[in-house]
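Q: Got a predicted structure plus its sequence, pasted below:
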Amino acid sequence: MTFLELLDGVEILSQSGDSKGKSEIGGVQYDSRKIKRGDVFLAMRGESSDGNKFVDRVIEAGAVAIVTDSATERPRENVAWVQVPHGRRALARLSANFFEHPAKKLAITGITGTNGKSTTAFLLESILAAGGRDAALIGTIEYHVGGNVLPAPHTTPEALELNSIFADAAKSDASEVVMEVSSHALAQQRIYGISFDTSVFTNLTRDHLDYHGTMDEYFAAKQVLFSGCGADPPRVSVINIEDQYGQALVEVAWSRGSRIITYGLAGGDFHVEKVDVSVKGTRFDLITPDGVISLSSQLIGRVNVYNIVAAAAAAHARSAPREAIALGVANLRRVPGRFERVDCGQPFAVVIDYAHTDDALRNLTSLAREFAGQEKGRVITVFGCGGDRDRAKRPLMAEAIAQNSDLVILTSDNPRSEDPLAIMNDAVVGLQRCNANYKMEPDRTRAISLAVRDARPHDIVLIAGKGHEKIQITRQGPIPFDDVEAARECLRTLGYACENANAARNNS
């Protein structure tokens, strides 16, 4: 591919150097550390760094062309030079061109919202598989491409990685992609130029205000998925009508010409009746425009009823048959880090969950209270708040937890550049407001141990905030940390048979 072909559709302010664009291109990079001889380097301003600072370095490393969003950088000799108005939009066009527009070969479903994205995505992938379709999955927990499970550095990757995944999915004969679309990705236009067949909105509660500033700006970012970002709006918009922002989003989607499918628990095109939630799973009747589907799932809790209905509505939008919806929901046994039980034969429950907003924590502890109350057990919750994030939500998270917990162990989450004790002091205000019974232990391993060792038969120990994550981000950098393994190690020291449980988990 020549540089001229690579530039097709890119917004260009000025161009110099190899003006005829005859140079053969080896690849596209925006990370200066990955440059190889013959590559094009996209120099763009990011959130914490500016790729324009590394232009001379990448030329020395063999870059043959520079595409920059800087108006002050001067063209260099012996390389093609293009100035663009928006770095990420340019990256999206360059990436799509380089990988020969793989998104056009796939039906893409995007899922956005504060809570429930990952579980909804896993459910939809399972339903599509039950209907005989091969789908790639891109999300917070992991990526699934061509039968491989890959680590997920970002919920929604940059356009270069995204188009690479699409290309691999198309090569492996996938027909569908199910992807979580974060508010950061939408605000930054990482999905620029991608046509979504179906878009799903789960809910919107307070989160990421350290980035967006206000709930209005947060909602504005979510709307992008339903308005179209350098592409047509989605063919179908699946929207939670029982969320106040979902009601507003219906108007947005309608104005853009999308077909609208609404869902909820009590109302919407897809809603539920005869709900039965127990510690063993969930059963309910799904009311659809095409009739009633009886569903049974191993996922538990009211919030998972929402997730199942969202996935079913999205599957309907993708023309999945009723039988595939029922089978796909039944087949999904677990979602890593989402109400994930650590069972080593102990007489109390230990549950790992990613909940890290006040709304998600309220739902989590309420569910635990319901189940613990059936056996007159207690709810013991371990949680912390992330550093370098919205400080105002820390006491709100603590208050949400205190409402349904008998004992709270306040600890460290991902402190990042902040002092863990300072973060805990912000959160403890919420516990004190509620006169909660609490302990403070900044070492997360010891905090988990305190909770597990305090547990009695029929209690539920909740370990919230990190879920599927395998590292803890500190001032010193990332360190290995896994809530599941920390809980299992504590149970092992108490004499429980965690090795057998680990084998069962790996085979599930």
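A: Alright, I've got the coordinates.
Q: residues of stretch 483-494 that come out buried?
A: Judged by neighbour count (16 or more other CB atoms under 10 Å), stretch 483-494 contains these buried residues: 483, 484, 485, 486, 487, 488, 489, 490, 491, 492. Every residue, glycine included, has its C-beta placed from N, CA and C.
Q: Find the helix or strand that the third one is a member of.
A: What that stands for is residue 485. Using DSSP states H and E, residue 485 maps to helix 483-493.
Q: And that helix, what does it pack against?
A: If contacts are counted by 3 or more CB pairs under 8 Å, 6 or more residues apart in numbering; DSSP states H and E, helix 483-493 sits against strand 349-353, helix 444-454, strand 460-464, helix 498-506.
Q: I'd like the mean pLDDT over that helix, please.
A: Average pLDDT, helix 483-493: 97.
Q: Of all the helices and strands packed on helix 483-493, which one comes closest to residue 378?
A: Closest approach to residue 378 among the helices and strands packed on helix 483-493 (CB to CB): strand 460-464, 7.6 Å.
Q: which residues in the stretch 101-250 of the chain form strands?
A: Taking DSSP state E, counting those that start in this stretch, the strands of the stretch 101-250 of the chain run over residues 107-112, 135-138, 142-145, 148-151, 176-180, 198-201, 236-240.
Q: Contacts made by the third one with the rest, please.
A: Contacts of strand 142-145 from elsewhere in the structure, counted by CB atoms under 8 Å, 6 or more residues apart in numbering, are 125, 135-137, 149-152, 165, 168-169, 172, 174, 336, 468.
Q: Quick check: the farthest pair among these?
A: Applying CB to CB across the contacts of strand 142-145, the maximum distance is between 172 and 468, 23.8 Å.
Q: Those two - which one has more neighbours?
A: For residue 172 versus residue 468, the count of surrounding residues by other CB atoms under 10 Å is larger for residue 468: 20 against 13.
Q: May I ask which helix or strand of the protein has the lowest mean pLDDT?
A: Ranked by mean pLDDT, DSSP states H and E, the weakest helix or strand in the chain is helix 498-506, scoring a mean of 55.
Q: circling back to that earlier point, who touches the helix holding residue 485?
A: For helix 483-493, contacts defined as CB under 8 Å, 6+ apart pick out 337, 340, 342, 344, 346, 350, 352, 444-445, 448-449, 452-453, 461, 463, 466-467, 469, 498, 501-502.
Q: Sort out which of those residues are buried, if you could.
A: The neighbour-count test (16+ other CB under 10 Å) applied to these identifies 337, 340, 342, 344, 346, 350, 352, 444-445, 448-449, 452, 461, 463, 466-467, 469, 498, 501-502 as buried.
Q: what would the helices and strands packed on helix 483-493 look like in TSV with distance to residue 400?
A: Formatted as TSV, those follow (distance: least, CB to CB, whole Å):
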stretch	distance to residue 400
strand 349-353	13
helix 444-454	18
strand 460-464	10
helix 498-506	29
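Q: thinking again about what came up before, any chance of the buried residues of stretch 483-494 in a markdown table, with distance to residue 93 too?
A: Putting these into a markdown table (distance: CB to CB, whole Å) gives the following:
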| residue | distance to residue 93 |
| --- | --- |
| 483 | 40 |
| 484 | 41 |
| 485 | 43 |
| 486 | 44 |
| 487 | 46 |
| 488 | 47 |
| 489 | 49 |
| 490 | 51 |
| 491 | 52 |
| 492 | 52 |
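Q: Closest to residue 308 out of those residues?
A: Distances from residue 308 to the buried residues of stretch 483-494, taken by CB to CB, are shortest for residue 484, at 23.7 Å.
Q: shaky segments in the stretch 101-250 of the chain?
A: Applying pLDDT under 70 to the stretch 101-250 of the chain flags no residue at all.
Q: list the helices and strands the helix or strand hosting residue 58 packs on?
A: Taking DSSP H and E as the definition, residue 58 sits inside helix 55-60. Packing partners of helix 55-60 (3+ CB pairs under 8 Å, 6+ apart): strand 39-43, strand 65-68.
Q: would JSON lines of the ones you listed with distance to residue 129, mean pLDDT and mean neighbour count be doable?
A: Listed next are the helices and strands packed on helix 55-60 as JSON lines, based on distance: least, CB to CB, whole Å; pLDDT from 0 to 100; neighbours: other CB atoms under 10 Å:
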{"stretch": "strand 39-43", "distance to residue 129": "35", "mean pLDDT": "97", "mean neighbour count": "25"}
{"stretch": "strand 65-68", "distance to residue 129": "39", "mean pLDDT": "96", "mean neighbour count": "25"}
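Q: where do the helices sit along the stretch 201-350 of the chain?
A: Under the criterion DSSP state H, counting those that start in this stretch, the stretch 201-350 of the chain contains helices at 209-212, 215-227, 244-255, 302-317, 322-331.
Q: With only the CA atoms kept, save the helix holding residue 485 in CSV.
A: Extracted C-alpha coordinates of helix 483-493, given in CSV (Å, rounded to 0.1, in the frame of the first residue of the first chain):
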residue,chain,number,x,y,z
ASP,A,483,-8.7,-10.7,44.5
VAL,A,484,-9.7,-14.2,43.6
GLU,A,485,-6.3,-15.6,44.4
ALA,A,486,-5.9,-13.5,47.5
ALA,A,487,-9.2,-14.8,48.8
ARG,A,488,-8.3,-18.4,47.8
GLU,A,489,-4.9,-18.1,49.6
CYS,A,490,-6.6,-17.0,52.8
LEU,A,491,-9.1,-19.8,52.6
ARG,A,492,-6.3,-22.2,51.9
THR,A,493,-4.5,-21.1,55.1
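Q: who does the closest residue in space to residue 273 that isn't next to it in sequence bridge with?
A: Of all residues not flanking residue 273 in the chain, residue 285 sits nearest, at 4.6 Å (CB to CB, 6 or more residues apart in numbering). Legend: beta-bridge partners of residue 285 under DSSP bridges are residue 273, residue 294.
Q: how close does the residue lying closest to residue 179 once chain neighbours are set aside sit to residue 299?
A: Counting by CB to CB, 6+ apart, the nearest residue to residue 179 once its immediate chain neighbours are dropped is residue 138, at 3.9 Å. Noted for residue 138: a distance of 21 Å to residue 299, by CB to CB, to the nearest Å.
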